[in-house]
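**Student:** Quick one: sequence and predicted model below, then my questions.
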Amino acid sequence: MSALFNFQSLLLVILLAICTCTFVKAQAPALLDRNKTGILGLFWKAARIGERLSPYVSLACIAMAISILLK
C-alpha cells in the first residue's frame, strides 16, 4: 500500500523527512539555506520544524517506533 493512502505510513514519511532535513542542516547548513523558497523550500521548512520543535519531534518518533513494534 502506498504511503499516501495509509495514514501511519504518511506520518512516518513526514517524520523521517523532518529528521533527515534537520540532520542535513546541522551538517551542511549552506545546502538548505540557499533554497528557502519554492519546492526545495519545503526541505528548509522541515529543517526549521525539526530545530524548533525537536522535543516534540523526538517524542513523535519514539511513539511511532513503539506503534510499529507493537503492530
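**Tutor:** Structure received.
**Student:** Quick check, Val57 in contact with Thr20.
**Tutor:** No. Using CB atoms under 8 Å, Val57 is not in contact with Thr20; the gap is 11.5 Å. Bear in mind the C-beta positions are built from the backbone N, C-alpha and C, glycine included.
**Student:** Between these two, which is the more surrounded one?
**Tutor:** Val57 (18 against 14; other CB atoms under 10 Å).
**Student:** Under a three-state scheme, what state does that one occupy?
**Tutor:** Following DSSP: H, G, I helix; E, B strand; the rest coil, the label given to Val57 is helix.
**Student:** list the contacts for it?
**Tutor:** Val57 makes contact with 15, 18-19, 22, 49-50 under the criterion CB atoms under 8 Å, 6 or more residues apart in numbering.
**Student:** ok, now how distant is it from Arg48?
**Tutor:** Distance of Val57 to Arg48, given as CB to CB, to the nearest Å: 11 Å.
**Student:** before we move on, what about Ile62?
**Tutor:** Distance from Ile62 to Arg48, by CB to CB: 21 Å.
**Student:** just Ile39 next, same as before
**Tutor:** In terms of CB to CB, Ile39 sits 16 Å off from Arg48.
**Student:** In contact with the residue nearest the centre of the chain, which residues are there?
**Tutor:** Nearest to the geometric centre of the chain sits Ile18, at 1.5 Å (CA atoms, centre = their mean). The contact partners of Ile18, by CB under 8 Å, 6+ apart, come to 46-47, 49-50, 57.
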